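>>> pasting the structure only:
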């Protein structure tokens with residue numbers, strides 16, 4: 001279940017005529033073992049008292065158990081795990097709760113922003129219930145969202161992004177990417193009050209062997225979830241390129257020509273063959289980028305005797321029996 005806040009906010013325009021009002025979400029969801037922040041702001045219709053006091057209470061129909069109070073003890077289940085995240089002077093009454101556990105699921109909390117505690121006034125009964133924020137504690141991690149920026153092609157740079165929303169910016173979940181090796185950048189972004197998004201982006205050079213990317217999210221409470229993205233890697237075109245030849249060559253002369261092809265199989269490079277009897281032959285393998293190689297075959301041969309046009313073919317055969325042929329015409333003189 002994703003971390004979330006109910007977008008329906010509760011604003012008490014005049015808290016039982018005490019001259020102040022507050023705004024909080026009607027519900028908020030967090031993970032067991034993690035922390036959560038209930039966003040809260042308040043206003044005063046008159047000048048704000050200098051000795052203003054903020055107390056948070058657990059809703060009960062006939063009592064007022066405090067869950068946060070800087071001056072007095074709070075109930076056991078919230079002892080030592082609650083705090084305010086901003087100062088009263090900034091009119092912020094947001095409450096942080098650490099170490100969420102399932103015993104706090106469905107609890108309803110509400111703030112009291114006054115010089116005196118709520119117990120100093122008359123019994124409030126059911127009027128408070130409609131102004132509470134319900135805590136929803138989940139024990140199931142949501143799947144992280146995986147996406148890739150561009151079509152993955154061998155030898156090209158690509159970037160994959162994995163993100164998840166959460167409620168604990170001080171101890172965010174861990175995102176781990178597997179399936180590729182590259183450089184990671186992690187960013188935390190505030191999505192809305194009480195909700196953050198953690199994103200990890202990995203940049204790498206696509207290889208032929210890349211099949212998928214897996215992202216795992218792990219929370220401090222031990223929950224985890226994963227998502228997998230199939231890459232469907234595209235290979236570059238295996239195009240055989242022959243060096244240019246002069247407009248005319250002399251019969252009986254020695255001539256050299258090179259054929260080159262880009263490929264993604266360093267353990268199975270293409271095999272070249274030529275339509276003329278060569279004197280020498282040299283094959284060179286060069287890594288162009290990560291996952292992309294170039295194999296070049298250079299032959300030296302004697303130009304056949306006789307005027308006219310001679311055909312020179314260069315063939316590259318790949319390990320999958322795919323063949324690429326390039327042909328040039330030699331204008332032979334003599």
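Received the coordinates, thanks. These numbers were taken from a predicted model, which means no experiment stands behind them.

>>> so what's residue 286 closest to, chain neighbours aside?
Nearest non-adjacent residue to residue 286, counting by Cβ to Cβ, 6 or more residues apart in numbering: residue 294, 4.8 Å away. In this view, the C-beta of every residue, glycine as well, is placed from N, C-alpha and C.

>>> contacts only, for that neighbour.
Residues near residue 294 by Cβ atoms under 8 Å, 6 or more residues apart in numbering: 260-263, 285-286, 288.

>>> just those residues now: which is nearest residue 66?
residue 288 (68.0 Å; Cβ to Cβ).

>>> measure the closest one to residue 297 for me?
The spacing between residue 288 and residue 297, counted by Cβ to Cβ, to the nearest Å, is 16 Å.

>>> the two: who's more crowded?
Comparing residue 288 with residue 297 by other Cβ atoms under 10 Å, the one with more neighbours is residue 297, at 25 against 12.

>>> so that one is in which element?
strand 292-302 (DSSP states H and E).

>>> again, but for residue 306
Counting by DSSP H and E, residue 306 is found in no helix or strand.

>>> from what I can see it touches residue 249, true?
No: taking contacts as Cβ atoms under 8 Å, residue 306 lies outside contact range of residue 249: 11.9 Å.

>>> what touches both of these two?
Residues touching both residue 306 and residue 249 (Cβ under 8 Å, 6+ apart): residue 332.

>>> more neighbours, these two?
Neighbour count, other Cβ under 10 Å: between residue 306 and residue 249, residue 249 has more, with 17 against 11.

>>> hey, what's that one bridged with?
residue 332 (DSSP bridges).

>>> right, and it touches residue 312 too?
No: between residue 249 and residue 312 there is no contact under Cβ under 8 Å: 10.2 Å.

>>> overlap in contacts of the two?
residue 330.

>>> in ChimeraX, select just the buried ones from the contacts of residue 294.
Filtering the contacts of residue 294 down to the buried ones (16 or more other Cβ atoms under 10 Å) takes a single ChimeraX command:
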select :260,261,262,263
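
>>> taking the contacts of residue 294 one by one, which sit in strands?
Taking DSSP state E, the ones among the contacts of residue 294 that sit in strands are 260-263, 285-286, 288.

>>> go through those residues and name the one nearest residue 168.
residue 288 (45.2 Å).

>>> need the pLDDT of the nearest residue to the closest one once chain neighbours are set aside.
Nearest residue to residue 288, sequence neighbours excluded (Cβ to Cβ, 6+ apart): residue 294, at 5.4 Å. With respect to pLDDT, residue 294 has a value of 87.

>>> would you mind measuring from residue 227 to residue 100?
In terms of Cβ to Cβ, residue 227 sits 24 Å off from residue 100.

>>> swap that for residue 106, please
12 Å.

>>> which neighbours do these two share?
Contact criterion Cβ under 8 Å, 6+ apart; residues shared by residue 106 and residue 100: residue 135.

>>> compare neighbour counts for the two and give me the winner.
Set residue 106 next to residue 100 and count neighbours by other Cβ under 10 Å: residue 100 wins out with 26 against 11.

>>> pretty sure that one sits in a strand.
No: using DSSP: H, G, I helix; E, B strand; the rest coil, the assignment for residue 100 is coil, not a strand.

>>> picking up where we left off before, quick check: what element follows the strand holding residue 297 along the chain?
Criterion used, DSSP H and E; the element after strand 292-302 is strand 308-317.

>>> quick one, that following strand and strand 292-302 angle?
Orientation of strand 308-317 against strand 292-302 (axes from the mean of the first three to the mean of the last three Cα atoms, to 10 degrees) gives an angle of 150 degrees.

>>> show me what strand 308-317 pairs with in its sheet, parallel or antiparallel.
According to DSSP bridges, strand 308-317 forms sheet pairs with strand 271-274 (antiparallel), strand 323-333 (antiparallel).

>>> among the ones you listed, which is nearest residue 206?
strand 323-333 (22.0 Å).

>>> point out where the stretch 101-250 of the chain drops to low pLDDT.
Along the stretch 101-250 of the chain, the model assigns pLDDT under 70 to residues 122-127, 129, 235-240.

>>> go again with 90.
114-131, 149-157, 169-170, 192-194, 205-211, 232-250 (pLDDT under 90).

>>> tell me where it has strands.
Under the criterion DSSP state E, counting those that start in this stretch, the stretch 101-250 of the chain contains strands at 108-114, 133-138, 145-148, 157-166, 174-178, 183-192, 195-205, 212-218, 224-230, 240-242, 249-250.
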